[in-house]
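In: Fold the stuff below for me.
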Amino acid sequence: MKLLSQSFEKDSSGVVVLVPEDKEDLWAVYNLIAKDDEVQLTTVRYVKKPGKESSKAKQEKKIVNLRIQVEDVDFSPIDEIMRIKGRTRTQNDDVPLNSYHTAELQYNHKFSLFKSDWDQVAYDIITKSCSVEEKAELGAVVLQEGVAHICLITESLTVLRAKVEKSIPKKRRGDNSAYDKAYTKFLDSTVDTMLRNLDYVKLKAIVLASPGFVADNLLTKLFQKAAKDNNKELLAAKSKFIVTHSSTGYLQGLEEAFHNPELQKKLSDTKYAREISVLDDFFKILNLDDGRAWYGPDECDKALEIGGAIRHLLLTDSLFRSDSISQRKKYIQIAETVKAQGGDVSILSSLHDSGKQLDELTGVAVILNYPILDLDE
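Out: Below is the predicted model of the structure:
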């Protein structure tokens, strides 16, 4: 996302001008815009033609620039559409003041976001989303015979970039030629699709996951092509490719693969792997039932009162999208207090499986430095 300008006042109010460029940017904006913020952008409005006062008068579509006080934000990651609903806050020749309007946020179109209180979470979202280094770190291909899913994984999203499907006949006793031909075509097609959709130079790692030896065969086919084409950049990136096992070639197999401790070690410098690792640690300690892992707002509040008790605070980003300003401020303050006491804070994306699991446990959890019993009483 591009940050065109920013202006903040001493009372923490201010405005930023942003340009979203991809789905990850829309997710960042979705987490950034809160109820009662104001958004100014160019949008489309149907207005009555001049001189036509009748209720049956024809309408025409006009491009207008509106400033809207936000009442609701809707985001569909699959369709890559974000709609902002609210009332207009500035006078316009075509749109009456305080009239309802729903605007769609467009890629590569600037908009201005006005907030009365820019808190630390909002600052961090701007910093991360406008930094190229903070975006996609991992590529992944999860596949089985006949189907492959090519994905990009960011801190917040798993984006399906392409899907390859090919019918592969079963092996026949004494004659596997039809199977071998179809399987080779499938691997070739998957390699070509990978190279079009994954930037192996910029990505930190690319995970190939499958049942059996399909991922190994894909890796072999990929570097046979690299050698044949004398693709020096791809040959130099060979160490970035990691083969691992999954029970399926569909997307749920990707989540399964990332819970493999050996894979987590290899990907320890990526945010997504760290996010999964810390949640796995939480569940392991919780299952021990020794008083070092707790979840729920009340339990976490009690642990916070004991200075230095919290080793790791886990929150989901959905907590910071609450319509309640007091709730947002509460969790911002909790996060800052834990950091000040020497603890770590992880904010998990509710679009990843790890964030969804934490949401089911109220969205807030802690791992403690030492056992504390009966926090739930």
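
In: Count the residues that sit near Ser112.
Out: 16 (other Cβ atoms under 10 Å). Where you see a C-beta, it was placed from the backbone N, CA and C, and this is true even at glycine.

In: List the beta-bridge partners for the closest residue in space to it that isn't next to it in sequence.
Out: Distances taken as Cβ to Cβ, 6 or more residues apart in numbering put Gln40 closest to Ser112, at 4.2 Å, once the chain neighbours are dropped. Following DSSP bridges, Gln40 is listed with bridge partners Arg67, Ser112.

In: now the helices for the stretch 151-300 of the chain?
Out: 177-197, 214-229, 232-236, 252-258, 261-266, 271-288, 297-305 (DSSP state H, counting those that start in this stretch).

In: Please identify the most buried of those.
Out: Most buried of the helices of the stretch 151-300 of the chain by mean neighbour count (mean count of other Cβ atoms under 10 Å) is helix 252-258; its value is a mean of 20.

In: about what we covered before: hmm, the residue nearest to Ser112 is touching Phe111, no?
Out: Yes. Counting by Cβ atoms under 8 Å, Gln40 does reach Phe111; the two are 6.5 Å apart.

In: between the two, which one's more packed in?
Out: Applying other Cβ under 10 Å to Gln40 and Phe111 shows that Phe111 carries more neighbours, namely 22 against 19.

In: so where's the stretch 201-350 of the chain shaky on pLDDT?
Out: 268-269 (pLDDT under 70).

In: and the gap between the residue nearest to Ser112 and Val15?
Out: 9 Å (Cβ to Cβ, to the nearest Å).

In: Any chance you could list residues touching both of those two?
Out: 112, 114 (Cβ atoms under 8 Å, 6 or more residues apart in numbering).

In: Now do the same contact list for the residue nearest to Lys185 when sequence neighbours are not counted.
Out: Leaving aside its chain neighbours, Lys185 sits nearest to Lys166 (6.3 Å; criterion: Cβ to Cβ, 6+ apart). Going by Cβ under 8 Å, 6+ apart, Lys166 touches 146-147, 182, 185-186, 189.

In: now do Ile310
Out: Contacts of Ile310 (Cβ under 8 Å, 6+ apart): 300, 303-304, 338, 341, 343, 366-369.

In: Closest to Asp353 out of those?
Out: Nearest to Asp353 among the contacts of Ile310 is Ile367, at 19.2 Å by Cβ to Cβ.

In: The closest one is in what secondary structure piece?
Out: Using DSSP states H and E, the element containing Ile367 is strand 364-368.

In: and that strand, what other elements does it pack with?
Out: Here strand 364-368 touches helix 271-288, strand 293-295, helix 297-305, strand 310-316, going by 3 or more Cβ pairs under 8 Å, 6 or more residues apart in numbering; DSSP states H and E.

In: TSV please, covering the contacts of Lys166 and showing pLDDT.
Out: TSV is the format used below for the contacts of Lys166 (pLDDT from 0 to 100):
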residue	pLDDT
Gly146	96
Val147	97
Ala182	95
Lys185	96
Phe186	97
Ser189	97
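
In: Tabulate those (CSV), appending distance to Lys10.
Out: Converted to CSV, these look like this (distance: Cβ to Cβ, whole Å):
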residue, distance to Lys10
Gly146, 61
Val147, 57
Ala182, 68
Lys185, 65
Phe186, 61
Ser189, 59
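
In: Just name the closest of those residues to Gln91, please.
Out: Nearest member of the contacts of Lys166 to Gln91, counting by Cβ to Cβ, is Val147, at 55.3 Å.

In: correct me, but the closest one touches Thr248?
Out: No. Counting by Cβ under 8 Å, Thr248 is not a contact partner of Val147; they are 9.5 Å apart.

In: give me the number of residues near Gly342?
Out: 11.

In: Tell me the secondary structure at it.
Out: coil (DSSP: H, G, I helix; E, B strand; the rest coil).

In: start the count at 433, not 1, going forward
Out: That works, and once the first residue is 433, the last one we named lands at Gly774.

In: so it touches Gly740, yeah?
Out: Yes. If you go by Cβ under 8 Å, Gly774 and Gly740 touch, sitting 6.4 Å apart.

In: What pLDDT does the model give Glu456?
Out: At Glu456, the predicted lDDT confidence score is 78.

In: what about it, which helix or strand?
Out: helix 455-464.

In: still on that earlier bit, and the strand holding Ile799, how far out from the chain's middle?
Out: From the chain centre to the centre of strand 796-800 is a distance of 22 Å (Cα atoms, centre = their mean, to the nearest Å).

In: Can you tell me what sits against that strand?
Out: 710, 713-714, 717, 723-729, 731-732, 735, 741-748, 751, 763, 790.

In: What residues does Gly518 make contact with?
Out: 471, 500-504, 532-533.

In: Against Glu503, how distant is it?
Out: Counting by Cβ to Cβ - Gly518 and Glu503 are separated by 4 Å.

In: if we can go back for a sec, Lys653: which of the contacts of Ile742 is nearest?
Out: Nearest to Lys653 among the contacts of Ile742 is Ile799, at 42.6 Å by Cβ to Cβ.

In: okay, how far is it across stretch 502-516, tip to tip?
Out: End-to-end distance for stretch 502-516, by Cα to Cα, to the nearest Å: 7 Å.

In: Just the terminal-to-terminal distance for stretch 658-677.
Out: 24 Å.

In: Which residues does it contact?
Out: 627, 632-633, 635-643, 647-648, 651, 654-655, 657, 689, 692, 694-695, 698-699.

In: Identify the residues contacting the residue nearest the centre of the chain.
Out: Taking Cα atoms, centre = their mean, the centroid of the chain lies closest to Ser588, which sits 2.0 Å from it. The contact partners of Ser588, taken as Cβ under 8 Å, 6+ apart, are 456, 459-460, 749, 781, 783-784.

In: got the angle between the strand holding Ile799 and strand 742-748?
Out: 160 degrees (axes from the mean of the first three to the mean of the last three Cα atoms, to 10 degrees).
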